[in-house]
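Asker: Following is a predicted model, sequence given first.
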Amino acid sequence: MRASSGRPNLLKSYTLVAIQFGALGLLALTGPILARHPLLLTLEVAALALGLWAILTVRIHKVSVIPDVRQGARLVSDGPYRWIRHPMYASILLGALALVLDAPTPARWLIYGVLAVDLLVKLNYEERLLLAAFPHYAAYQETSKRLIPFLY
């Protein structure tokens, strides 16, 4: 399932997306989908707001869950993308973390771990594709972080 650098591999793309949605579905089936603790609910709402901001910045009709770069795509580096290159992934991880912390079980922590690893693999794969598609992506990487502003 290994793609050469910069070339999309549809099997890899769809597998990563299937794992992502499978993990999110399992989290939804194993506990509440709205955090009960006010602080965790605030974290969940903040995650949703970040995801919505990212979607609106990209333009909703151009959003894709598949990491492959679309024909004619443009590199977005404003809105939340000014600080982090993958705000939608950050949003998913943050919202899912709020849910796991609200109703922690070993199974939910395992599911969250699978989700986190999947999104990190997907993020690395997507960045290879973006580097191949946009010559100036490397310069953008120097001015932004992957998931956490100012840290990572």
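Answerer: Structure received.
Asker: Enumerate the positions of the longest helix along the chain that are buried.
Answerer: What stands out as the longest helix in the chain, according to DSSP state H, is helix 106-133. By 16 or more other Cβ atoms under 10 Å, the buried positions in helix 106-133 come out as 108, 111-112, 115-116, 118-119, 122-123, 125-131, 133. All C-beta spots, glycine's among them, are computed from the backbone N, C-alpha and C.
Asker: The residue most central in space within the chain: what secondary structure?
Answerer: Nearest to the mean C-alpha position of the chain, counting by Cα atoms, centre = their mean, stands Y89 at 1.4 Å. Three-state assignment for Y89 (DSSP: H, G, I helix; E, B strand; the rest coil): helix.
Asker: Would you check that it makes contact with Y125?
Answerer: No. Between Y89 and Y125 there is no contact under Cβ atoms under 8 Å: 11.8 Å.
Asker: need the helices for this protein, in chain order.
Answerer: Using DSSP H, the helices of the chain run over 10-29, 38-58, 87-102, 106-133, 137-143.
Asker: Cool, thanks, signing off.
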